[in-house]
Each structure stands twice: as structure tokens, then as C-alpha cells.
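Asker: what follows is a predicted structure for the sequence shown.
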Amino acid sequence: GEPVGSRTISKFTDLKLSSATIRNEMSDLEELGYLAQPHVSAGRVPSVKAYRLYVDELLEGNEVPQNPQAKEFFSQRVRQMEDVISSAAQAISEFTRYTALVMMPKQLELRVATLQLIPMPRGSALLVIVTDTGAIRDTVIRVSENLDGDALYAISRMLTERLAGSTLQEVQEMLGAYSRQMGGDAQVIQGIADLAAQMARQSATDTIAVSGSHNILNYPEYSDVEKARAFLSVLEEKDKLMALLPGQDAAFSVRIGPEMGMPEMADCSVVTASYQVGAGHHGFVGVIGPTRMPYGKVLSALSAISGALSDMLGE
């Protein structure tokens, strides 16, 4: 986490080069923009350009090394807990010793499998939507006491026939139209309209879990209190966290320091891997750590963990 001098490289590596030769090489790399010298008497540190070159070569061909230990650790850890997403984030942070992020597939892209109205006491019903990933959206609505179980079942069948296979975004639009077109009980119509609004609110922010926020404090780059506070503030804002994740379902993604466009994250990198949920949906697992993190080991761990999640949540 600090500048490295030519003597250190000569002493602790197998390059078999003198300190003078190493200093000359470092000077050339500095001119090319791959190393930086904090001050005249200091050693050098890699630049973002250097990390980018290293990571691009590491990812060439997507040949990430296998890591069965990470997959076994993850599988054992997650199966002990009910909440897969939060426990996945916790397992990743424990294994890597970095801050972990896990994001479910974008909610608006999930498709409806079934819709049902379930009778409840005192003129109410539970309106339930099950998606193709097994995720459930539900709300209690008021209905006329004249609507018995058979009537609610008939409405459920009609809605399922019309909405099955539609994305949640399409459902929002269609439910609003159905609430205006359907005759009959005004409370059912209003309940459907309310569910459309509720789904819009739920889908406005995707499900994302964070674990190990404090891990970054173990690294010297964040020994400064103000820098640490700025980093932790990013983790509290969901919009900023979403911006750290890739916009497409790439198998792996690495964003280094200034590439994220956030001054608070200038000394960090975000490494992510995608995993599969249901029929063709994708989420992301990732870690945030110092730019000098061991990218090969991190990518290997995320590859194993994303594979384990796909096995659990895929078709």
C-alpha cells in the first residue's frame, strides 16, 4: 500500500537485476505513464494505466483460474441462512476480506408466471404475483364482500391469461389499463391500480446487498478518516452503488479508480461477475477494494461464487 523502491524489488523478487537497472526501468515506466513517484525521494506506485493493462491481459479470453475452495466456502456458508442474497454478500466479504456487493436481476425485467387473488376475512383479498424467477410481489386489497372465492378465482384466471409472460414493466402499464376497462367491483379495480403503483415503487430500485463495509478500513489507503468517511457514504446511497455495477450482463467487469467517475472511489477498484437467475435473467456479485488488490485471485473467487449462485438460482 506504499511506494516501492528499487532495492525492495531487487531483494524480494527473482529478477536478478541490480538496483540501478531497476531504477532505470522504473524511470522509463514512469515516462510511459505506468508508474508514479509521490515525491522525489520516494519509490514508485502503479498508475491506473498500469492496473488497466494488467487487468485487460488477465481477462483476455476470459480464462479466469478455477477456485474450488471459494465455491465450497460459499456454498457451505449460504446454505446455513434463509436470505440468499444478504448471506451471499456476507460470504463473499468474509472470503475476500473486501467489501462485497450482490445484486438481483433488474426487477422490471422479470416476467409474470401466475397471478392470484386469495380470499381473506372481512372483505379483503391477497393479490399475489409470482415471477419466472420465483420472486413474489403481493399486497392486500379491499374487495366487495359479495365476491366469494369462486369469483376471485375467475378474476385470477383472467388476469393470469392476460399477463403471463409479460415483464413487470409491461404489467404496470397493462394493470392500469385493466383497472379502467374492467367492469364490476370498484374496489377490485382500485386494488389492481394500487398494485401497479406499488410494483412501480418496488421496481424503481433494484435489490442490492452490501457486506463488509468496514473491511476497507484495514488498508492503509483508507487510514485517513475523511477518505474513509467519503467511501462509506457511497455505500449508503443505492443510486451510487448501482452506478458501480456494469450496465450489461458481461461475465466479468473491472473498473479501476477514476474509471468509476466518483472522487470518493479514486483509490478503489470494483470487480464484478454475473450469475444466472431463472430463465435468462442475470444478477451481479462483486467486491470493492484498493486498486492494488490481487485481481487474479479476486476474479477466481468471484467466478466460483457466481457459478455457485447460478447453480442455486438458475433453472
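Answerer: That came through, no problem.
Asker: now for the most centrally placed residue in the chain: which residues touch it?
Answerer: The chain has M103 as the residue nearest its centroid, 3.1 Å off, counting by C-alpha atoms, centre = their mean. Applying C-beta atoms under 8 Å, 6 or more residues apart in numbering, we find M103 in contact with D206, T207, I208, A209, M242, L245, G283, F284, V285. All C-beta spots, glycine's among them, are computed from the backbone N, C-alpha and C.
Asker: pretty sure the fifth one sits in a helix.
Answerer: Yes. Assignment of M242 by DSSP: H, G, I helix; E, B strand; the rest coil places it within a helix.
Asker: burial count for it?
Answerer: 15 (other C-beta atoms under 10 Å).
Asker: and it, what pLDDT?
Answerer: On the pLDDT scale, M242 is placed at 82.
Asker: hang on, it packs against I208?
Answerer: Yes. Under the criterion of C-beta atoms under 8 Å, M242 lies in contact with I208, with a separation of 6.8 Å.
Asker: for the contacts of M103, pick the one with the most neighbours.
Answerer: V285 (28 neighbours).
Asker: can you tell me who that residue pairs with across the strands?
Answerer: V102, A273 (DSSP bridges).
Asker: can you give me the distance of it to A154?
Answerer: Distance check for V285 against A154: by C-beta to C-beta, to the nearest Å, it reads 43 Å.
Asker: same question for M242.
Answerer: In terms of C-beta to C-beta, M242 sits 40 Å off from A154.
Asker: three-state assignment of Q116?
Answerer: With three-state DSSP as the criterion, Q116 was assigned strand.
Asker: that one: what's it in contact with?
Answerer: For Q116, the residues meeting the contact criterion (C-beta under 8 Å, 6+ apart) are L127, V128, S156, T160.
Asker: go on, L53?
Answerer: L53 sits next to Y34 when contact means C-beta under 8 Å, 6+ apart.
Asker: quick one: low-confidence residue ranges for the stretch 51-200 of the chain.
Answerer: Under the criterion of pLDDT under 70, the regions of the stretch 51-200 of the chain flagged as low confidence span 61-65, 71, 73-83, 106-110, 133-136, 172, 175-200.
Asker: where along it do the strands fall?
Answerer: 99-103, 112-120, 124-131, 136-142 (DSSP state E, counting those that start in this stretch).
Asker: nearest to S233, of those strands?
Answerer: Closest to S233 of the strands of the stretch 51-200 of the chain is strand 99-103 (C-beta to C-beta; 13.1 Å).
Asker: can you give the distance of that closest one from its chain's centre?
Answerer: Between the mean C-alpha point of strand 99-103 and the mean C-alpha point of its chain there is a distance of 5 Å (C-alpha atoms, centre = their mean, to the nearest Å).
Asker: re the thing from before, closest to A88 out of the strands of the stretch 51-200 of the chain?
Answerer: For A88, the closest of the strands of the stretch 51-200 of the chain is strand 99-103, at 4.7 Å, according to C-beta to C-beta.
Asker: quick check: closest non-adjacent residue to N218.
Answerer: Spatial nearest neighbour of N218, chain neighbours left out: R97 (7.2 Å); criterion: C-beta to C-beta, 6 or more residues apart in numbering.
Asker: what's the local residue count around the one you found?
Answerer: When neighbours are defined as other C-beta under 10 Å, R97 has 15 of them.
Asker: am I right that S269 is in a strand?
Answerer: Yes. Secondary structure assignment (three-state DSSP) places S269 inside a strand.
Asker: quickly note the distance from it to D148.
Answerer: 59 Å.
Asker: neighbour count: these two, which is higher?
Answerer: Using other C-beta under 10 Å, the more surrounded residue of S269 and D148 is S269, with 25 against 10.
Asker: partners of that one in the sheet?
Answerer: Residues in a beta bridge with S269, per DSSP bridges, are I256, G289.
Asker: isn't it up against V254?
Answerer: Yes. Distance between S269 and V254: 6.4 Å, which falls inside the contact criterion (C-beta under 8 Å).
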